[in-house]
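Novice: Predicted model, plus sequence, below.
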Amino acid sequence: MRHSDEDRVGKAPPQFREINKFQQLIEHDMVHPNVVEEITRGMGHHTMTEVQTLTINQGLQGTDM
């Protein structure tokens, strides 16, 4: 059974855990491990910037950016 947008009005969105570490993208099968490995090992970045965290999480929730 499909739910329309009207069915969801006033209901809380499903629980969402914020992603702020690049490794979490692999754990949630969102990005190929080679990409994350290059970012973390190759470039030395493990934690996303505030802007990356905000935009990536907003996109993952399916909302407009």
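Specialist: Yep, it's here.
Novice: Next, count neighbours for residue 55.
Specialist: Here the number of neighbours of residue 55 (other CB atoms under 10 Å) works out to 13. Backbone N, C-alpha and C define where each C-beta goes, glycine included.
Novice: Please look at it and residue 64 and confirm they touch.
Specialist: No: under the criterion of CB atoms under 8 Å, residue 55 makes no contact with residue 64, lying 11.4 Å away.
Novice: from the middle of its chain, how far away would the one helix or strand residue 24 maps to be?
Specialist: Taking DSSP states H and E as the definition, one finds residue 24 inside helix 22-27. Chain-centre distance of helix 22-27: 9 Å, with CA atoms, centre = their mean, to the nearest Å.
Novice: Can you show me the strands along the chain?
Specialist: Assigned by DSSP state E, the chain shows no strands.
Novice: residue ranges of the helices in it, please?
Specialist: Counting by DSSP state H, the chain has helices at residues 5-8, 22-27, 33-37, 50-60.
Novice: With only the CA atoms kept, save the longest one in PDB.
Specialist: As requested, C-alpha coordinates have been extracted for helix 50-60 and formatted as PDB (Å, rounded to 0.1, in the frame of the first residue of the first chain):
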ATOM      1  CA  GLU A  50      29.900  21.400   9.200                       C
ATOM      2  CA  VAL A  51      28.800  22.200   5.700                       C
ATOM      3  CA  GLN A  52      29.400  18.700   4.400                       C
ATOM      4  CA  THR A  53      27.500  17.200   7.400                       C
ATOM      5  CA  LEU A  54      24.500  19.500   6.900                       C
ATOM      6  CA  THR A  55      24.200  19.100   3.100                       C
ATOM      7  CA  ILE A  56      24.900  15.300   3.000                       C
ATOM      8  CA  ASN A  57      22.400  14.600   5.700                       C
ATOM      9  CA  GLN A  58      19.800  16.900   4.200                       C
ATOM     10  CA  GLY A  59      20.200  15.100   0.900                       C
ATOM     11  CA  LEU A  60      20.000  11.600   2.500                       C
END
